[in-house]
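Q: model this:
(2 chains)
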Number of protein chains: 2
Amino acid sequence: MATVSKATAGRVDIAPNAFVVPMAQTIVGSMAGGRPNFMAVAWLTRVNYQPPMLGVAINRRNFSHGAIAASGQFSVNFPTVDMTAVTDYTGLASGARVDKSGLFEVFHGHLDAAPLIRECPLGIECRVHTAVELPSNTFFIGEIVGAWCAEDCLDGDGAPDPKLLRPMLLTMPDNRYWAMGDVVGRAWHDGKALRVRAGG
Amino acid sequence: MATVSKATAGRVDIAPNAFVVPMAQTIVGSMAGGRPNFMAVAWLTRVNYQPPMLGVAINRRNFSHGAIAASGQFSVNFPTVDMTAVTDYTGLASGARVDKSGLFEVFHGHLDAAPLIRECPLGIECRVHTAVELPSNTFFIGEIVGAWCAEDCLDGDGAPDPKLLRPMLLTMPDNRYWAMGDVVGRAWHDGKALRVRAGG
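A: As a prediction, the model looks like this:
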């Protein structure tokens, strides 16, 4: 039986300053006016298992919003911890005023309007499946069409090795970037001891 | 001008093994049959700025799916790196077979069907705003009604301090849990030097 308590003693209600802690920091790529455009985005997640889909939340005031809505395509690029300044810049400078196409070396995989960043060891190409309109943001759900990982960041099983990807994390509202730390456990594994004990 | 190259040399297409790297590991709480139920979930993100909303992707085969759909409420709890085994267990054992209500001390904030976990220093209560039906998963978008942070995990500004929250991260498909590492930069700040240089 659960010990159910209504007490919120020792707790402070911080909503609306509640965020997912931490968030993977990415750079979303789009094409606007025939040029690659980039924007720092940390509000994203996988949303569907099969077929693989992910979603990104973009404020309708951002220049990238119109570009993604128009082309129906976008990319999600994972910068390394060495790339904090340029990543942050893509979030400070609007594509409506500044040409950000020269910030990175760009390549394309399967899609025309999902520019991939050479400097980022992992880049995912998406075709928009659904655009969910929310009060201030659109949540663009994209089917993953391609996902290009640098060969030297693969582990022995051919999967991306997070230690080699060296991704950047973001926390809000303190607005800091972080590196990943140490391995603390194995998923779909460490709970097995409890499973035996509980008979579950 | 961007250097545009079609070459994917040195890159391997890993789709559909593409995930967000890394993901915050959480435990989603729901009420089923009058009892708190819990499930490990790492597919989540903030999706709207104002009002604050977040979304969680739940496979329709999971017991929690029916509970959230029925009540229209759920919680998102952030376990610490010390809680890998019990967190992992909530993802291994289905609520259809096992009573997981006794795993944690539960309390309630503003909602009746969003059980909060005392052992987790941050817990967010959500009321479902939209349920987006995708091929295998439902993406439940919830308005953040409350977010309860342990007082001893707040920083000087009254915001959660990630170092004190000590959140767990997950990477897939290698299926490992991680701690956060060191601060590597400041967001909405480190890019300012480039802004001056580019005139943006």
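
Q: any weak-confidence spans in chain A?
A: A:1-6, A:196-200 (pLDDT under 70).

Q: Just give me the longest strand of it.
A: In chain A, assigned by DSSP state E, the strand with the most residues is strand A:137-150.

Q: Show residues contacting the next helix or strand after that one.
A: Note on strand A:137-150: by DSSP states H and E, the next helix or strand toward the C-terminus is helix A:162-165. Contacting residues not belonging to helix A:162-165 are listed as A:78, A:80, A:121-122, A:152-155, A:180, B:21-22, B:171, B:174, B:176, B:178 [CB atoms under 8 Å, 6 or more residues apart in numbering or on different chains]. C-beta: built from backbone N, CA, C; applies to glycine.

Q: Give me the neighbour count for A:P22.
A: 24 (other CB atoms under 10 Å in any protein chain shown).

Q: Distance check, it against A:F139.
A: Remark: distance between A:P22 and A:F139 (CB to CB, to the nearest Å) = 20 Å.

Q: For the closest residue in space to A:D174 that isn't next to it in sequence, give me its contacts.
A: Nearest residue to A:D174 in three dimensions, chain neighbours excluded: B:A159, at 5.8 Å (CB to CB, 6 or more residues apart in numbering or on different chains). Residues near B:A159 by CB under 8 Å, 6+ apart: A:I14, A:N17, A:P173, A:D174.

Q: The longest strand of chain A: which residues count as buried?
A: A:137-150 (16 or more other CB atoms under 10 Å in any protein chain shown).

Q: What of stretch A:16-23?
A: For stretch A:16-23, the buried set under the neighbour-count rule, 16+ other CB under 10 Å, comprises A:N17, A:A18, A:F19, A:V20, A:V21, A:P22, A:M23.

Q: So the last one is in contact with A:M168, correct?
A: No - under the criterion of CB atoms under 8 Å, A:M23 is not in contact with A:M168, lying 9.8 Å apart.

Q: so, in contact with chain B or not, the helix or strand in which A:A69 is found?
A: Secondary structure from DSSP H and E places A:A69 in helix A:63-71. No - Helix A:63-71 stays clear of chain B (CB under 8 Å from any CB of the partner chain), getting no nearer than 11.8 Å.

Q: So what touches that helix?
A: With CB under 8 Å, 6+ apart as the criterion, helix A:63-71 contacts A:28, A:30-32, A:37, A:39, A:58-59, A:74, A:94-96, A:112-113, A:128, A:131, A:138, A:140.

Q: Whichever of those end up buried, select them in ChimeraX.
A: Selection of the buried residues among these in ChimeraX, burial being defined by 16+ other CB under 10 Å:
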select /A:28,30,31,32,37,39,58,59,74,94,95,113,128,131,138,140
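
Q: Which of the contacts of helix A:63-71 fall in strands?
A: A:28, A:30-32, A:37, A:39, A:58-59, A:74, A:128, A:131, A:138, A:140.

Q: Let me know whether A:P36 touches A:A114 as I believe.
A: No - contact criterion CB under 8 Å: A:P36 and A:A114 do not qualify, at 9.6 Å.

Q: okay, these two: which has more neighbours?
A: Using other CB under 10 Å, the more surrounded residue of A:P36 and A:A114 is A:A114, with 29 against 26.
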